[in-house]
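# predicted structure and sequence below. I'll ask about it afterward.
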Amino acid sequence: MRIKAQVKCEVSFFITDPHYFLDCVGAHAYNFSIMNRLPIEKRAQIVNALVEGTSIRATCRLTGACKDAVLKLIRDMGTACAAFHNSTVRGVRVERVQCDEVWSFCYAKEKNVPLEQQGTGAGSVWTWIAIDADSKLVLSYLCGGRDASWACKFMEDLASRVTTRIQITTDGHRAYAEAVEGAFGMNVDYAMLIKLYGAPSDNPDTRYSPATCIGIRTGILSGNPDREHISTSYIERQNLNLRMGVRRFTRLTNAFSKKFENHCHMVAIYHAYYNFCRVHQTLRVTPAMEAGITNHIWSVEELVRLLDAAESKAA
């Protein structure tokens, strides 16, 4: 005898005037109209699980929320967090910035994307990130491709958020050279750090292990960067934080993003949490506190209230 279990979500409803915000890519708009409302404690519980590397289905099991409610919260919170980052992380005084891009994929890996899904965001997705090497604040992030056009958008966004002449370090990706020059002109100290790797091993036991780094090579492309601070260590560690904190980035699982929009929303939520809620072990404060953007450690409930503020503004 088969028994079919049913899970019921208890929600209330509210109505606001239609309004929309742009997400982190600046190309997607979300309409606030009729939304299901979960209690603030439940929403905070869901967000806290999502930014600690928990998958959507596991989050449902842990919190008792249904899948549709979790996905709805991701869309709403992602829009609110992206809008908050866009308006708050501005006019930042920094000295050294490290940039990199981290790979993931949406729907299917690039070689397996069907024809009907091409052009919808399916395939490889690169998340561009810029981090302040001193405060560890994530200044800018962007989800998209890896070509020169995306590099230019990313660097232009970074340039719009800083107020001082900065030193930038990137890896050897060629798209950065033109993008940095186009966004900053000559008002930047820019260097590339290129890591040299040994030949990959044919041993099946090390199939998924990275190749051994056998040396580095640096090149100065603009200005007079301090050679002691030509490094990408902090941004590479941030890439690891992202992979550990957002389940969608975990390799060799079925937790990858199915929709490009939801992928962008989750990236926005994570970086808002990282900047304002997550205490850095070395700094002992959040990156936003260290950068002077806020004066206290945000709770996850306070982060979730960004959604209420966005809805009030929409009304």
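Sure thing, it's come through.

# any chance of the backbone angles for residue 103?
When read as degrees, to the nearest 10, the backbone of residue 103 gives phi -90, psi 150.

# pull the contacting residues for the closest residue to it other than its chain neighbours.
Nearest residue to residue 103, sequence neighbours excluded (Cβ to Cβ, 6 or more residues apart in numbering): residue 126, at 5.9 Å. Where C-beta positions appear, they are placed from N, C-alpha and C, glycine not excepted. Residues counted as contacts of residue 126 (Cβ atoms under 8 Å, 6 or more residues apart in numbering) are 101, 102, 103, 104, 143, 144, 145, 146, 150.

# and if we set it to 10 Å?
With contact taken as Cβ atoms under 10 Å, 6 or more residues apart in numbering, residue 126 is in contact with 100-105, 142-147, 150-151, 154, 173.

# for residue 180, same thing?
99, 151-152, 155, 158-159, 168, 170, 188, 190, 192, 221-222.

# residue 111 - how many residues pack around it?
7 (other Cβ atoms under 10 Å).

# surely residue 47 and residue 65 touch.
No. Between residue 47 and residue 65 there is no contact, the gap being 11.1 Å when judged by Cβ atoms under 10 Å.

# mutual contacts of these two, please.
59, 73.

# among these two, which residue is more densely surrounded?
Using other Cβ under 10 Å as the criterion, residue 47 and residue 65 rank with residue 47 on top: 26 against 23.

# which helix or strand contains the more buried one?
Using DSSP states H and E, the element containing residue 47 is helix 40-50.

# now do the helices in the stretch 151-300 of the chain.
175-184, 233-245, 260-276, 287-290, 300-314 (DSSP state H, counting those that start in this stretch).

# tell me the most buried of the ones you listed?
With neighbours defined as mean count of other Cβ atoms under 10 Å, the helices of the stretch 151-300 of the chain peak in mean count at helix 260-276, which reaches a mean of 25.

# show me what that helix is packed against.
Secondary-structure packing of helix 260-276 (3 or more Cβ pairs under 10 Å, 6 or more residues apart in numbering; DSSP states H and E): helix 40-50, helix 67-88, strand 96-106, strand 123-132, strand 138-144, helix 233-245, helix 287-290, helix 300-314.

# in space, what's closest to residue 176 - neighbours in sequence excluded?
Closest residue to residue 176 apart from its sequence neighbours, by Cβ to Cβ, 6+ apart: residue 170 at 4.4 Å.

# and what of residue 121?
Residue 121 sits nearest to residue 260 (Cβ to Cβ, 6+ apart), 2.6 Å away.

# what about this protein, any weak spots by pLDDT?
1-36, 201-202, 205-208, 315 (pLDDT under 70).

# just give me the residue closest to the centre of this protein.
In the chain, the centroid-proximal residue (Cα atoms, centre = their mean) is residue 267; its distance is 3.4 Å.

# measure that one to residue 83 for me?
According to Cβ to Cβ, to the nearest Å, residue 267 and residue 83 sit 14 Å apart.

# ok, residue 168 next?
In terms of Cβ to Cβ, residue 168 sits 26 Å off from residue 83.

# of those two, who's got more company?
The neighbour comparison of residue 168 against residue 83 (other Cβ under 10 Å) goes to residue 168, with 26 against 21.

# what's opposite that one in the beta bridge?
Note on residue 168: beta-bridge partners by DSSP bridges are residue 97, residue 190.

# who touches it in this structure?
96-99, 130, 155, 158, 162, 176, 180, 183-184, 188-192, 221-223, 225, 230.

# if we go to 8 Å?
Counted by Cβ under 8 Å, 6+ apart, residue 168 has contacts 97, 98, 99, 180, 184, 188, 189, 190, 191, 225.

# so which of the residues you listed comes closest to residue 240?
residue 98 (13.6 Å; Cβ to Cβ).
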